[in-house]
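Asks: With the input below, show me the fold.
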Amino acid sequence: MKETPTHWVISGRQVDLGAGVLVGVLNVTPDSFSDGGSFVVTDTAIAHGVGMVESGASLVDVGGESTRPGASPVPDDEELRRLIPTVAGLVDVGISVSVDTYKPEVARRALAEGAVVLNDVTGFRNYEMVEVAASSDCGLVVMHMQGTPTDMHIDPVYEDVVAEVEDQLLASVQRLESAGVSPDRIVLDPGIGFGKRASHSLQLLANLARLAGHGFPIMVGTSRKGFLGGLVGSDNRDRRDLATAVTTAIAFSRGARLFRVHDVPRSRDALSVAAAIVTNQ
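Replies: Predicted coordinates for the structure are as follows:
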């Protein structure tokens, strides 16, 4: 097993992962599961992104298509209409932007506007996305998802969820490396809640050290997910945010180093405590 990397290379610069990195979630969609419609106005979205960075996020991950369970895809031109003004506005004020997309044309346009990370929920299964990645020097988040957002929630089945997610993530890494992508640009995300029952997500969180043992930084995105509501017995967003912060701390202790969150301050504080304990072992 390899050691957890201490840095991630995005667009030619190294991001220090030693104390963990928070990635603020910014959905510029009308129908996201958590905050749909809150940030469809560009100026509001940019202001929220700035606020997340001021609260401790190192990156802002902007999404123009909802990937909530049951969501339908939107055309490229609509995703671009939603996404690009916010990406450009955040870049203009000096914020490092990640773009949540699996569409090659959207990825190209976002990179041209200055985005520095591509976050592909389909794990770069589309070879045209692999080509976009190989033609740039941006950071790459390779996520696992069983099925598609439209149907992933219907009946997810695994014989061994950890092994199957692990195998598919490493297959995605192989596609990228075969196309010439340097491994130090790659982050792996087990896709908590994406085509997984609550039990699957919990098994993955319990076995993050195994995934981290392949030598790639691990990103975790539990923020406000439905399984957390089930665990705490409430759909209240405030309680889900608290549960998210708990998973941030535990995931850091198990080897994850990047955390995709809606509520930055709570996860910032949880991460600070977890990192202090882990680095003093």
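Asks: Which positions within stretch 112-122 qualify as buried?
Replies: 113, 115-122 (16 or more other Cβ atoms under 10 Å). All C-beta spots, glycine's among them, are computed from the backbone N, C-alpha and C.
Asks: Could you give the average pLDDT over that stretch?
Replies: Stretch 112-122 shows a mean pLDDT of 97.
Asks: Straight-line length of that stretch, end to end?
Replies: 22 Å (Cα to Cα, to the nearest Å).
Asks: Figure out the length between the terminal residues of stretch 200-217.
Replies: 21 Å.
Asks: which regions of the stretch 51-200 of the chain lie under the pLDDT threshold?
Replies: Along the stretch 51-200 of the chain, segments meeting pLDDT under 70 span 68, 70-71, 150-152.
Asks: try 80 this time
Replies: Within the stretch 51-200 of the chain, the stretches with pLDDT under 80 are 66-73, 147-154.
Asks: Longest strand in the protein, please.
Replies: As assigned by DSSP state E, the longest strand anywhere in the chain is strand 21-27.
Asks: next structured bit after it?
Replies: helix 42-55 (DSSP states H and E).
Asks: Return the distance of the next helix or strand after that next one from the chain's centre.
Replies: Sequence order places strand 59-63 as the next helix or strand after helix 42-55, per DSSP H and E. Here strand 59-63 is found 9 Å from its chain centre; the criterion is Cα atoms, centre = their mean, to the nearest Å.
Asks: before we move on, what about stretch 160-173?
Replies: 17 Å.
Asks: Contacts for it, please.
Replies: 123-125, 142, 144, 158, 183, 186, 188, 190-191, 196, 200, 203-204, 207, 210-211, 214, 216 (Cβ atoms under 8 Å, 6 or more residues apart in numbering).
Asks: those helices in this structure, which residues are they?
Replies: 42-55, 76-92, 104-112, 127-134, 161-178, 198-206, 208-212, 226-232, 237-253, 264-279 (DSSP state H).
Asks: Report how many residues lie close to residue 72.
Replies: 10 (other Cβ atoms under 10 Å).
Asks: should've said residue 53
Replies: Residue 53: 19 neighbours (other Cβ under 10 Å).
Asks: and if you look at residue 76?
Replies: 16.
Asks: got a list of what it touches?
Replies: Per Cβ under 8 Å, 6+ apart, neighbours of residue 76: 103, 105-106.
Asks: Once you drop chain neighbours, what's closest to it?
Replies: residue 105 (5.1 Å; Cβ to Cβ, 6 or more residues apart in numbering).
Asks: Narrow the buried residues of stretch 112-122 to those in strands?
Replies: Using DSSP E, 117-120 are the members of the buried residues of stretch 112-122 that sit in strands.
Asks: Which of the residues you listed sits closest to residue 235?
Replies: Distance to residue 235 across these (Cβ to Cβ) is lowest for residue 119, with 25.9 Å.
Asks: Quick check, that closest one in contact with residue 97.
Replies: No: counting by Cβ atoms under 8 Å, residue 97 is not a contact partner of residue 119; they are 10.4 Å apart.
Asks: joint contacts of the two?
Replies: residue 61.
Asks: Noted, bye for now.
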